[in-house]
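Engineer: pasting the sequence and the predicted coordinates here, then a few questions.
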2 protein chains.
Amino acid sequence: MSSDRTRSAILAAAERLYADRGFGDVTLRDIVAEANVNLAAVNYHFGSKDELIAELFVTRSLATNRERLNELKAAEETGGGRAPIDAILHALVGPTLRGCLGPDREGSTAARFMIRASIESVPPIRRIKNREVDHLRKFIAAMRRAMPGRDDADLYWGLHFALAMAHHTIREKERLTKLSEGQCDLNDVDAIVDRVVSVSVTALTGGETPAKKAPVRPAVPHGRLTRQDL
Amino acid sequence: MSSDRTRSAILAAAERLYADRGFGDVTLRDIVAEANVNLAAVNYHFGSKDELIAELFVTRSLATNRERLNELKAAEETGGGRAPIDAILHALVGPTLRGCLGPDREGSTAARFMIRASIESVPPIRRIKNREVDHLRKFIAAMRRAMPGRDDADLYWGLHFALAMAHHTIREKERLTKLSEGQCDLNDVDAIVDRVVSVSVTALTGGETPAKKAPVRPAVPHGRLTRQDL
DNA sequence: TTGCAATTCAAACAGTTGTATGAAACTATC
DNA sequence: GATAGTTTCATACAACTGTTTGAATTGCAA
């Protein structure tokens, strides 16, 4: 049935190069050189460059989603069909954060690739992410069971903010390290997961839907630029 | 002094096209066609394509930062040199959210451009964003004054999460609308700002950082994909 | 007007990109 | 070992990219 050697070599080389140098900087010729295969092999095995990228991302993405659902299921079985809200959110953000951060993952090509995918967001990957909605709905359903009284909109916002904190931490881990001058430990993944979950839970259980005391502030018109010092 | 007409036309056309179609899809030839100027004008007036993009982003970015600092200053003056934490966070995320979301901003080219810049993150823009650290430090300083007891790391995490929620809401507003089937109102910007601030404040004032145990999971190698159903 | 600099313009440049082709090499089956 | 199907390979293709060039044009000052 034909050795998958070429196919696998392309996948591995592509993931490594994309992880190291980003999508914008890596051409098919770079990939086939790294993989020691012929240029035409990519189109033969994957159809197109975009399909290669899509396959790389789908593979990693499916793995994360599988982990998420496993953790969710385990929590629900423990709780007799109803998992507590913190366990649900833990199942949601844990696999993503563990997959991309952490000292053991430093050298992991898969992790670095997923960080790139999170930062650069190239078209074939964006297309796949848009299909993630169905997967997230399962977590909304679980959250609804855990907090029957809560408004649906609050649940959506809670899930949205949990993902926001997780993904933004992955995307901006470099900047946060620099900003905090090392005081935020980006290697202690478990602590980060707990922090994200904790904030998300208090966001969901805490204060009622925001009161309407929005202060008014002046609008600032555009001026003309002279200095470039952002 | 030579009319700025060509220069301005290029800026306007570029911002409009980038806002509509993204950075990856727009070439210099598209821009000069839209602006009705000669192709060489871009390099003549801006030096390079990247410098054009940088100038576009810096302009909008400076405006946002100016708004932020104005709001912060106003809050500090009201509080006699010490602004309350919610006002600080409001000054941080308010201008960004108002700049990119809201019904009045629907047709705003600047808003749509900044959303694009937030999503696609092209090299010249990334370079500028990396210089944003100094600007954020001013907010950390204000937060330190507002919460003298708090650990610095907690402050960094709080600011980081506030920005996470704001930016992720901008980046994923389409998806959140779809996921929530319209139950999350992305047009009520003030409500969104209040929600983000509220969550951030409870994150900062609320519970201590917990510690827990974490399970270990296996690395997932690449296999052959048959179904593409993420 | 003359002179000079700033600006515009058409055209070409030099390089890269993803993809297609058709022949060659391989592999497994009968 | 001939055959049919799969996989590899060198090469070419066609299109697009940002940038440069050098001549024309414009605008302003003396």
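Structural biologist: Arrived safely.
Engineer: got a list of what the residue nearest to the spatial centre of chain A touches?
Structural biologist: The centroid of chain A falls nearest to A:His167 when counting by Cα atoms, centre = their mean (4.9 Å). Counting by Cβ atoms under 8 Å, 6 or more residues apart in numbering or on different chains, A:His167 touches A:96, A:118, B:164, B:168. In short, each C-beta sits where N, CA and C put it, glycine included.
Engineer: and the first one, helix, strand or coil?
Structural biologist: When the structure is reduced to helix, strand and coil (DSSP: H, G, I helix; E, B strand; the rest coil), A:Thr96 reads as helix.
Engineer: contacts only, for the closest residue to A:Ala162 other than its chain neighbours.
Structural biologist: Leaving aside its sequence neighbours, A:Ala162 sits nearest to A:Ser200 (Cβ to Cβ, 6 or more residues apart in numbering or on different chains; 4.0 Å). Taking Cβ under 8 Å, 6+ apart, we find A:Ser200 in contact with A:89, A:93, A:158, A:161-162, A:165.
Engineer: who wins for neighbours among those residues?
Structural biologist: For the contacts of A:Ser200, the largest neighbour count, defined by other Cβ atoms under 10 Å in any protein chain shown, is 30 neighbours, found at A:Leu89.
Engineer: ok, then the element right after whichever helix or strand that residue is part of?
Structural biologist: Counting by DSSP states H and E, the element that carries A:Leu89 is helix A:85-100. Later in the chain than helix A:85-100, the nearest helix or strand by DSSP H and E is helix A:109-120.
Engineer: what residues sit buried inside that next one?
Structural biologist: Across helix A:109-120, burial judged by 16 or more other Cβ atoms under 10 Å in any protein chain shown covers A:110-120.
Engineer: go through the residues you listed and name the one nearest DNA strand C.
Structural biologist: Taking Cβ to the nearest atom of the strand as the measure, DNA strand C lies nearest A:Glu120 of the buried residues of helix A:109-120, at 13.7 Å.
Engineer: what's the closest non-adjacent residue to that closest one?
Structural biologist: Spatially, and ignoring its direct neighbours in sequence, A:Glu120 is nearest to A:Phe23 (5.1 Å; Cβ to Cβ, 6+ apart).
Engineer: now do the helices in chain A.
Structural biologist: In chain A, the segments counted as helices under DSSP state H are A:5-21, A:28-35, A:40-46, A:49-78, A:85-100, A:109-120, A:123-129, A:133-146, A:152-171, A:173-179, A:189-205.
Engineer: which pLDDT does the model give A:Gly102?
Structural biologist: In this model, A:Gly102 is scored at 71, pLDDT.
Engineer: poorly predicted segments of chain A, please.
Structural biologist: Scanning chain A with the threshold set as pLDDT under 70 gives A:1-3, A:103-107, A:207-230.
Engineer: 80 instead?
Structural biologist: Low-confidence segments of chain A (pLDDT under 80): A:1-3, A:102-107, A:206-230.
Engineer: what's the neighbour count on the nearest residue to A:Gln183 once chain neighbours are set aside?
Structural biologist: Counting by Cβ to Cβ, 6+ apart, B:Ala153 is the residue found nearest to A:Gln183 once chain neighbours are left out, at 4.6 Å. Using other Cβ under 10 Å, B:Ala153 has 14 other residues around it.
Engineer: surely A:Glu67 meets A:Pro95?
Structural biologist: Yes: A:Glu67 is in contact with A:Pro95 according to Cβ atoms under 8 Å; the separation is 3.8 Å.
Engineer: the residue nearest to A:Gln183 and A:Leu179 touch, don't they?
Structural biologist: No: the criterion here is Cβ under 8 Å, and B:Ala153 misses it with A:Leu179 at 11.1 Å.
Engineer: against A:Thr169, how distant is the closest residue to A:Asp185 other than its chain neighbours?
Structural biologist: Spatially, and ignoring its direct neighbours in sequence, A:Asp185 is nearest to A:Ala191 (6.9 Å; Cβ to Cβ, 6+ apart). As judged by Cβ to Cβ, to the nearest Å, A:Ala191 and A:Thr169 stand 11 Å apart.
Engineer: who's more crowded, these two?
Structural biologist: Ranked by neighbour count (other Cβ under 10 Å), A:Ala191 and A:Thr169 place A:Thr169 first, with 26 against 17.
Engineer: ok, the residue nearest to A:Gln183 - contacts?
Structural biologist: Residues in contact with B:Ala153 (Cβ under 8 Å, 6+ apart) are A:180, A:183-185.
Engineer: DNA strand C contacts on chain A?
Structural biologist: Residues of chain A found near DNA strand C (Cβ under 7 Å from any atom of the strand) are A:2, A:27-29, A:39-40, A:42-43, A:48-50.
Engineer: would you confirm that A:Ala162 contacts A:Ala91?
Structural biologist: No: A:Ala162 lies out of contact with A:Ala91 (Cβ under 8 Å); the separation is 10.7 Å.
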